[in-house]
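**Q** what's the 3D shape of this:
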Amino acid sequence: MLPYPGNTLMDEADLKGMLRAMAPFIKHLNARGYMHFDLKPANLLYDIAPDGSKVFRVAARTRGFWAWETYCQLEGLELKHPITRAADVASMGLVLADAAGLHGQAGGTQAYLEYERDLPRRTPPALKELIEWMVAENPAARPTPDQILAHRWLTE
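**A** Residues are numbered from 1 along each chain as shown. Coordinates of the predicted model:
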């Protein structure tokens, strides 16, 4: 028996809602010349609206420090590539990967980035493809927020 229902840790519809909240927020910041550079689960606010719908919001700032490195693409840690706005795209991908199946796994997202761990086999192929694109080692190879929002995993 699977430790959780479905193909992902978080319900797939909720994963899509989370990404639909993060991508426009990052696009808005980037259009004004800013980067968030601290996307992590602690900065995602989840609530149930009075009508019962689920609401995701991205916090611009939280108190305290909570494993920032876990959700940072390697250029933020090693300076292998210059830090660009694509770092926020990678962070979105890592938050998504964590919620999809890496949370609680040995090494988590850093092991995934270092090719020591893969997403669970039951991860939907289109989701896996999107996450891999978002966390591409070369920042220039990552999608823009608009490309993320147009990806088939979000539009199907």
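**Q** Tell me the spacing between residue 102 and residue 85.
**A** Shown here: residue 102 relative to residue 85, a distance of 24 Å by Cβ to Cβ, to the nearest Å. Placement of C-beta: from N, CA and C, glycine included.
**Q** and if you look at residue 19?
**A** Distance from residue 19 to residue 85, by Cβ to Cβ: 17 Å.
**Q** Neighbour count: those two, which is higher?
**A** Between residue 19 and residue 85, counting by other Cβ atoms under 10 Å, residue 19 is the more crowded of the two (26 against 20).
**Q** what's the helix or strand where that one lies packed up against?
**A** Assigned by DSSP states H and E, residue 19 falls within helix 12-31. Helices and strands touching helix 12-31, as assessed by 3 or more Cβ pairs under 8 Å, 6 or more residues apart in numbering; DSSP states H and E, comprise strand 44-48, strand 54-58, helix 86-97, helix 145-150, helix 152-155.
**Q** switch to 10 Å and redo it
**A** Counting contacts by 3 or more Cβ pairs under 10 Å, 6 or more residues apart in numbering; DSSP states H and E, helix 12-31 is packed against strand 44-48, strand 54-58, helix 86-97, helix 125-134, helix 145-150, helix 152-155.
**Q** Which positions within the helix or strand following the third one qualify as buried?
**A** Right, helix 86-97. Using DSSP H and E, the helix or strand that follows helix 86-97 in sequence is helix 108-113. Buried residues in helix 108-113, counted by 16 or more other Cβ atoms under 10 Å: 108-110, 112-113.
**Q** And helix 108-113, what does it pack against?
**A** Under the contact definition 3+ Cβ pairs under 10 Å, 6+ apart, helix 108-113 sits against helix 74-78, helix 86-97.
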